[in-house]
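Student: Structure for this input, please:
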Amino acid sequence: MSGVLSGLYSAFVKRNSIFLATIFTGAFATNIAFDIVSNKVWDQINKGRQWKDIKYRYMQAGDEDEDE
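Tutor: The predicted structure is shown next:
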């Protein structure tokens, strides 16, 4: 176990620039993952009540009005 921790330390923490790059990359990836998951949860909770779900009804109604 000590060898694994020593390897992680020398790979990610020993040099400040690599440590900061690891932190920023992790924060960026976490932000993207959180956005994707929260959007999927929101879409699942509000299914059928969003514009993207009901837009086709209004588009079809608009096409019929233009024909008259």
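Student: what pLDDT, on average, does the longest helix along the chain get?
Tutor: Counting by DSSP state H, the longest helix found in the chain is helix 16-45. Across helix 16-45, pLDDT averages out at 97.
Student: Quick one: list the elements packing against it.
Tutor: On a contact count with 3 or more CB pairs under 8 Å, 6 or more residues apart in numbering; DSSP states H and E, helix 16-45 meets no helix or strand. For glycine as for every other residue, the C-beta is placed from the backbone atoms N, C-alpha and C.
Student: mind checking how far that helix is from the chain centre?
Tutor: Distance of helix 16-45 from the chain centroid (CA atoms, centre = their mean, to the nearest Å) equals 7 Å.
Student: Can you pull up the most central residue in the protein?
Tutor: Here the mean C-alpha position of the chain is nearest to the C-alpha of residue 36 (CA atoms, centre = their mean), at a distance of 2.6 Å.
Student: Okay, that one and residue 29: tell me how far apart.
Tutor: Distance, residue 36 to residue 29, by CB to CB, to the nearest Å: 11 Å.
Student: Same question for residue 15.
Tutor: From residue 15 to residue 29 the distance is 20 Å (CB to CB).
Student: Compute the number of surrounding residues for residue 54.
Tutor: Using other CB atoms under 10 Å, residue 54 is surrounded by 11 other residues.
Student: Cross-check the contact I'm expecting between it and residue 48.
Tutor: Yes: Residue 54 is within contact range of residue 48, at 7.5 Å (criterion: CB atoms under 8 Å).
Student: Can you report how many residues lie near residue 22?
Tutor: Here the number of neighbours of residue 22 (other CB under 10 Å) works out to 13.
Student: For it, which non-adjacent residue is spatially closest?
Tutor: Closest residue to residue 22 apart from its sequence neighbours, by CB to CB, 6 or more residues apart in numbering: residue 12 at 5.0 Å.
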